[in-house]
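A.B. asks: kindly return the folded structure for what I paste below:
(one chain, ligands or ions: 5)
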Amino acid sequence: SGLSPAISIEQKGVSHNPRSTVGTVTEIYDYLRLLFGRAGVPVCPLCGKPVEKHSVDEIIDILFQKNEGKKVDILSPVVRGKKGEFRNLFLQYQKEGYLRARVDGTVLWLEEEIPLDKNKKHDIEVLVDRLTVMPERRERMAEAVENALALSKGYVLLAFEDEETIISEKFACPECDITLPEIEPRLFSFNSPFGACPDCNGLGSHQYFSEELAVDPSALPLEGALLPWKNKHYMLRKLKSLSLHTGWNMDRPFRELEPEIQSAILDGYSVRIPLTYREGKKETSYMGRYEGLIPWLETRWKETESESIRNEISSYRSEDICQSCGGRRLRPEALSVRVDGLTIGEVVDMPVSELLDRLLGARVHEFMREPAKRIIEEISKRLSFMVDVGVGYLTLSRRADTLSSGESQRIRLATQIGSKLSGVLYVLDEPTIGLHPRDTARLLGTLEAIRDLDNTVLVVEHDRDTMIRADYIIELGPAAGEYGGEITATGSPKEITGRSSLSGPFLAGSESGLSIRKKHLKPSKDFIKVFGAGENNLKNIDAIFPLGKLVCISGVSGSGKSTLMNEVLYRGLRRKLDRNFRERAGKHLNIEGWEALKNVIMIDQAPIGRTPRSNPATYTQLFTPIRELFASLQESRVRGYGPGRFSFNVKGGRCEACRGDGEVKISMLFMPDVYVKCDVCHGRRYNRETLEVRYKGKSIADVLEMSVDEAGKFFGEIPRISRRLAVLKEAGLGYMRLGQPATTLSGGEAQRVKLAEELGKRFRGHTLYLLDEPTTGLHYRDVKKLLVLLQKIVDQGNTVVLIEHNLDVLASSDHLLDLGPEGGHGGGRVIDTGTPAEISGRAIGHTGRFLAEYLDQVKERKNNDRAAG
Ligand SMILES: Nc1ncnc2c1ncn2[C@@H]1O[C@H](COP(=O)(O)OP(=O)(O)OP(=O)(O)O)[C@@H](O)[C@H]1O
Ligand SMILES: [Mg+2]
Ligand SMILES: [Zn+2]
Ligand SMILES: [Zn+2]
Ligand SMILES: [Zn+2]
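C.D. replies: Residues are numbered from 1 along each chain as shown. Ligands and ions are numbered 1, 2, ... in the order given. The predicted structure is shown next:
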C-alpha cells in the first residue's frame, strides 16, 4: 500500500510563553473558536438578554408569521433616549422624502414645527411606511424594511395596533443600545486584538514590581533594604541626596519609616533636588528628580535588551489576575456568547473529563447543525485522548508553563496524535520520559489503541516496559556516540531476549540498573521536617526527610513531587540558609532541622550556558588545567605563550576571523541567520600559530574534539585533569565531546555535567543535593553508574533527595516518600514513607504496587540464576 504519511513528535519542552494554554497547545482551542463562531448565541453583556440578528428576508417572514391582514407601521428608530431638539435631523428626513415621524410615542408631520425640550431625553422613529401585511405587498415591505435598517444603522421597529417589536440585522440589544461585533472565530482569540481583553491584552493577568519582593523591611533604606539596588551605588547616592534635601531621617529600618517617606522611596519624589554625578574622581552637581525604586525597575524592564538583567529583575515581579476579564483573557463581548448555555470562558475552565461528558451529552446535539456537530466530534476525540492518557483533570485554560513534566509530555502527545487519524506512521521520541510506571502503562495502552486504528507507531525508548510491549524492536549500538550507529539486533522482544543482543539481558532482567546497598558508612539521626505544605495541589502535608541518606520522592505524574521538592523544600531551606535569597517559597507552615545543613544545592536540567562558547570542559573547570598544561610545554615557553593563548574567548590565540566561534553568522535579508564554518580556521577556533603547539601530537583544538573517554586515556598520567574526567565518566558522560557546545546538550546531559562539576569540587559535607528526575534519557547501565555516584555523595556525609520514576533507582534508595494517590487535585498527599522494602511490602499506592512487582521479578530471577548456576 506504499508509504504512510508520517508524523514525527520530537522531544521539546512546552513553551514558556504565558499565552500558551493547554487549549492552545493541543489546538482544541482553535476548534472551540470555530464552534463558538458558528454556533454561538450572544447575550447582551449589560442586561443578559439574548440578542439576535436577522436578514431582511427573515424580518419579512416574522412580519408574515401571524400578522397577515394586519396593519403595520414600519419605523426606523433613529434616536433613543437622547437629549436635544433635533431640528436639523427633522429637516434632513423631510428632505429625504419622509413625511412623518413618531416622537416620544406620537406620530407627527415632519413639515410642521416639532418643539422639543432640549434638556429632556427623547425617542424618535421615522415612519418609513404604513401598510397592510399581505403577499402582494411583499416587495414594498422589503424595501421599507431595508430603508428603516439603513436609516437607523441596523434596526427596524414593527408597530401593530396591539404590539410592537424591534428587530436588528446586527447582533444588538435594542434596550441597552449596544451592538455586538460579528460573531466569528477571531472574536474568541485572546491572541488577537479582536478578541483580547483590552485591559490585559489577553494575558489574563497583570504583572507588576512588588514591594514585598523588592524590599527587606528589616534593613535600613541606604543599607540593603532596597534589594535591587544592592550594588547600585549611584542610585543609593540619589536616595541619600533626597534624605539630605528633605531632612528625612533614614537611619531606621524601612518598616519603621513614615508611610510618606516609604512611598517617596518606592514611587519617587516629584520635586527636583540637587543631585551629584560622579565620574572617576570628578563630581558634577545638577538638579534632577529622585526616580523611585519601582519606576526605576519599570524603566529598566521596558528598555533592557540584556537577558541577564531581565532575569535578575524579574525576580521582583509579581502577578495579579486581571479585574476586567477575571483572568479569562477575552473581551466582554466574546464572553457573552454562549453555546448550550456556556461561555467559552466557562468551557475552558472545566476539567477536560467533565467537558467531554458534557459534549457527549444528548442536550448539546439537539440544537446543533451539521458543521457544529463535526467540530464537536473533533474536539471530543482530542479530549478523550487526554482522558485516556490520564490528564482528564486538567482544564483547557491551564497555562502550559505551569504543567508538571509528565503532564506536558502527554499534552504534547495529545497535540500530535489526539486526532486519532488512521493510516499514519507516528514517530515518537521517548514518550514515557517523566512518567511513573502507572502512567507509562496507560500511555502504552493508548499507543496500542492507535496502532489498532491501522497506524504504525515507531518509538525511541530506553524504557523496559515499553520495549517488552513492542511488536518489533530495532536495536542500535554497540555503544554511545561515535561507537554507535549500527543495527545490532532486530526482532520481537522474545527473539531479542533469546539472542545475543545488547538489550537481551536487560529485557530478560538478568541485568538492571539496580545498586542496592546493605549498610551506610555515615548514618545520621537528623531529619528535615516540613510542616503544612500547601502549594499547588499539596494538601497541607507534613513531610520528613532523613539526612545522610539517598531519599526518593515518588508518585504518579502530577502528584506534587516537584512542587514539594523545588518550591517548598528547596526555596524554604534557601530562605533559612541564605539571607540574600528572596524568592518566595511555596506555601508551608514551617521547616525544622535545617540547622544541621550548611548548604542546599539544586542540580536542575537548565542549560549549562546559553552560548556555544560554554561547553563541558569550560563548565567543569577542566579546561583551565588543560590550558595550563599546554602553556607549560617547551614549545610554548619558547614562544612565550601563557594559558590565555589557549583560550578561544580572548584575543591572542584564537582565530580573529570568527573570534573563536569557529563559525560565522551570515545575515540573510528576510530570512533567519545562517551559520557557516569559518573559512579561516575551518571551525577549529584557533589561529595557526596556536595550533602548532602540540602535546603528544595533539593540538588544543584536537583535545576539544576528544570524548571524555578518549581524553581520560590521553591525560591518564596527569591527575589534575584525569580526576575531573573520571567524574564526568562516572556521571555517564564518557561519550561526550569536551568541546560540545552547551546549547546542544539535552536537559539530562546538562544536569549530569553539573553533577560532575559538584563532584569535582572537594566534598563539602552537610550538604543537601536536590535532583529532579536525573535518570531522564539514561540507559540502565548509566542509571547504575549514576546511583553509585549518588551513593558516594551520601557516604561523604551529605544527603541526596531526588524525584524519580525509575524502579531501579526507587529500589536502590535508602528512603522513599510516596505522593499521590493520583495527579492534579486528586493528588498532593503523602501515601506512604519508608524503605523500599517497607513500601513494597505494604503496597498501598501505585508506587508500592509496581515496586513490589518489580522486586518479585528480581528475586525470582536471582533464584533462577542460583538454580541454574
Ligand atoms: N502554577 C500552577 N497553577 C496551578 N496548578 C499547578 C501550578 N503548578 C503546578 N500545578 C499542578 O500541581 C500538580 C503538581 O505538580 P508537580 O509539578 O508538583 O507534579 P509532579 O509530581 O512533579 O509531576 P511530574 O512527575 O509529572 O513532574 C500538577 O497537577 C500541576 O499541574
Ligand atoms: Mg515534576
Ligand atoms: Zn441589554
Ligand atoms: Zn483582562
Ligand atoms: Zn575562525
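A.B. asks: need the residues of the stretch 551-700 of the chain near ligand 2, please.
C.D. replies: Contact residues (CB under 5 Å from the ion) of the stretch 551-700 of the chain with ligand 2: residue 562. Where C-beta positions appear, they are placed from N, C-alpha and C, glycine not excepted.
A.B. asks: so how far is residue 318 from the closest residue to ligand 4 within the stretch 551-700 of the chain?
C.D. replies: Proximity of the stretch 551-700 of the chain to ligand 4 (CB to the ion) peaks at residue 584, 23.7 Å away. Separation of residue 584 from residue 318 (CB to CB, to the nearest Å) stands at 9 Å.
A.B. asks: same question for residue 410.
C.D. replies: As judged by CB to CB, residue 410 and residue 318 stand 30 Å apart.
A.B. asks: looking at those two, which one has more neighbours?
C.D. replies: Neighbour totals were compared for residue 410 and residue 318, and residue 410 leads with 30 against 15 (other CB atoms under 10 Å).
A.B. asks: shouldn't that one be within a helix?
C.D. replies: Yes: Residue 410 sits within a helix when classified using DSSP: H, G, I helix; E, B strand; the rest coil.
A.B. asks: what does residue 770 show for phi and psi?
C.D. replies: Torsion angles at residue 770 (phi, psi; degrees, to the nearest 10) stand at phi -120, psi 130.
A.B. asks: please shift the residue numbers so they start at 26 in all later answers.
C.D. replies: Yes, from this point I'll number from 26; that puts the last item at residue 795.
A.B. asks: in the sheet, who's paired with it?
C.D. replies: Judged by DSSP bridges, the bridge partners of residue 795 are residue 627, residue 826.
A.B. asks: wait, it sits on residue 823?
C.D. replies: No: counting by CB atoms under 8 Å, residue 823 is not a contact partner of residue 795; they are 11.3 Å apart.
A.B. asks: name the residue in those two with the higher neighbour count.
C.D. replies: residue 823 (27 against 21).
A.B. asks: who touches the residue lying closest to that one once chain neighbours are set aside in this structure?
C.D. replies: In space, and not counting its chain neighbours, residue 823 is closest to residue 792: 4.8 Å by CB to CB, 6 or more residues apart in numbering. Residue 792 makes contact with 622, 623, 624, 625, 626, 823, 824 under the criterion CB atoms under 8 Å, 6 or more residues apart in numbering.
A.B. asks: show me which residues of the helix or strand harbouring residue 662 are buried.
C.D. replies: Using DSSP states H and E, residue 662 maps to helix 659-664. For helix 659-664, a neighbour-count test (16 or more other CB atoms under 10 Å) marks residue 661 as buried.
A.B. asks: one more: stretch 321-334?
C.D. replies: Buried, per 16+ other CB under 10 Å, within stretch 321-334: 321, 322, 325, 326.
A.B. asks: so how far is residue 216 from the last one?
C.D. replies: By that I understand residue 326. In terms of CB to CB, residue 326 sits 22 Å off from residue 216.
A.B. asks: if we can go back for a sec, what's next to the helix holding residue 662, contact-wise?
C.D. replies: Residues from elsewhere that reach helix 659-664 (CB under 8 Å, 6+ apart): 655, 667, 670, 714, 717, 718, 719.
A.B. asks: try it again with 7 Å
C.D. replies: 655, 718 (CB atoms under 7 Å, 6 or more residues apart in numbering).
A.B. asks: and for stretch 835-843?
C.D. replies: Counting by CB under 7 Å, 6+ apart, 539-541, 568, 571, 574-580, 812, 829, 855-861, 864, 870, 872-873, 876, 879-880 sit against stretch 835-843.
A.B. asks: any of those buried? List them.
C.D. replies: Buried residues within the contacts of stretch 835-843, counting neighbours by 16+ other CB under 10 Å: 539-540, 568, 571, 574-580, 812, 829, 855-858, 861, 864, 870, 872-873, 876, 879-880.
A.B. asks: just the ones of those residues in strands?
C.D. replies: Among the buried ones among the contacts of stretch 835-843, the residues falling in strands (DSSP state E) are 568, 571, 575, 576, 577, 578, 579, 855, 856, 857, 858.
A.B. asks: show me where the stretch 176-325 of the chain has strands.
C.D. replies: For the stretch 176-325 of the chain, strands defined by DSSP state E, counting those that start in this stretch occupy the ranges 180-184, 189-193, 197-198, 203-204, 230-234, 294-304, 307-315.
A.B. asks: could I have the CA atoms of the first one written out in PDB?
C.D. replies: In PDB, the C-alpha atoms belonging to strand 180-184 read as follows (Å, rounded to 0.1, in the frame of the first residue of the first chain):
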ATOM      1  CA  TYR A 180     -32.800  48.500  13.500                       C
ATOM      2  CA  VAL A 181     -36.400  48.300  12.300                       C
ATOM      3  CA  LEU A 182     -39.400  48.800  14.600                       C
ATOM      4  CA  LEU A 183     -42.600  47.000  13.600                       C
ATOM      5  CA  ALA A 184     -45.600  48.600  15.200                       C
END
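A.B. asks: re the thing from before, now the strands of the stretch 176-325 of the chain in JSON lines, with mean pLDDT, distance to residue 452 and mean neighbour count?
C.D. replies: Output for these, formatted as JSON lines (pLDDT from 0 to 100; distance: least, CB to CB, whole Å; neighbours: other CB atoms under 10 Å):
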{"stretch": "strand 180-184", "mean pLDDT": "90", "distance to residue 452": "58", "mean neighbour count": "23"}
{"stretch": "strand 189-193", "mean pLDDT": "86", "distance to residue 452": "53", "mean neighbour count": "17"}
{"stretch": "strand 197-198", "mean pLDDT": "80", "distance to residue 452": "51", "mean neighbour count": "22"}
{"stretch": "strand 203-204", "mean pLDDT": "76", "distance to residue 452": "50", "mean neighbour count": "16"}
{"stretch": "strand 230-234", "mean pLDDT": "91", "distance to residue 452": "37", "mean neighbour count": "16"}
{"stretch": "strand 294-304", "mean pLDDT": "88", "distance to residue 452": "61", "mean neighbour count": "13"}
{"stretch": "strand 307-315", "mean pLDDT": "89", "distance to residue 452": "60", "mean neighbour count": "12"}
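A.B. asks: figure out which of those is closest to ligand 2.
C.D. replies: For the strands of the stretch 176-325 of the chain, the distance to ligand 2 is smallest for strand 230-234, at 23.3 Å, taking CB to the ion.
A.B. asks: hmm, that closest one touching ligand 1?
C.D. replies: No: taking CB under 6 Å from any ligand atom as the criterion, strand 230-234 and ligand 1 are apart, separated by no less than 11.5 Å.
A.B. asks: end to end, how far does stretch 644-662 reach?
C.D. replies: Stretch 644-662 has an end-to-end distance of 27 Å (CA to CA, to the nearest Å).
A.B. asks: same check on stretch 567-583?
C.D. replies: Across stretch 567-583, first to last residue, CA to CA, it's 18 Å.
A.B. asks: can you tell me which residues contact the nearest residue to residue 837 once chain neighbours are set aside?
C.D. replies: Once flanking residues are discounted, residue 837 sits nearest to residue 540: 4.7 Å by CB to CB, 6+ apart. Counting by CB under 7 Å, 6+ apart, residue 540 makes contact with 809, 812, 813, 816, 837.
A.B. asks: next, count neighbours for the third one.
C.D. replies: With neighbours defined by other CB under 10 Å, the count for residue 813 comes to 13.
A.B. asks: got the domain ranges for this structure?
C.D. replies: Per automatic domain parsing, the structural domains of the chain span 81-194, 231-346, 506-536, 552-632+773-891, 641-769.
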